[in-house]
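>>> fold the following, please.
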Amino acid sequence: MVSCSMALPPVPMPFTAAPMGQPVQIGGQPAATIAHFTPMANVATFGMCNSPANPEVIAATSAALGVHTPAPCVPATTAPWTTGQPTVLVNGQPALTADCQLTCMWGGMISVVSPGQATVSSGG
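Numbers count the residues shown, from 1 in each chain. Below you'll find the model as predicted:
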């Protein structure tokens, strides 16, 4: 589950680790990497966007005669998550961890709120 700092209301939404390359599972869950940042494929809508930088919010606010008006969220993520786990590679990409963050072009910060997996063991 992930959440966005500009979402209204700020509720966690599902994250999808859509297969990229050879599907990999860790602990019975699909393994996510920093490359899983595609809007709507990996990062779903957060409901309504409250960011004053979002063009849709700007248009809705203008239509409401200057009264700030949230608009439907369509994540605008264009770069990978930061920072990932560089010592754990999944299909050549650093694994996504609970402390990773993803920036939306409209000013929101997307964070992991529930990683779906608590620990990874080496299986030694």
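>>> hey, where'd the strands end up in this structure?
Under the criterion DSSP state E, strands of the chain are mapped to 2-4, 7-8, 25-26, 29-30, 48-49, 71-72, 85-90, 93-95, 101-103, 109-112.
>>> Gly84: how many residues sit nearby?
Residues within reach of Gly84, counting by other CB atoms under 10 Å, total 21. Every C-beta, even on glycine, is put in place using the N, C-alpha and C of the backbone.
>>> pretty sure it contacts Ala98?
No: look at Gly84 against Ala98 with CB atoms under 8 Å: they stay out of range, at 11.1 Å.
>>> quick one: Asp99 and Gly92, what's the gap?
Noted for Asp99: a distance of 21 Å to Gly92, by CB to CB, to the nearest Å.
>>> of these two, which one has the most company?
Using other CB under 10 Å as the criterion, Asp99 and Gly92 rank with Asp99 on top: 12 against 9.
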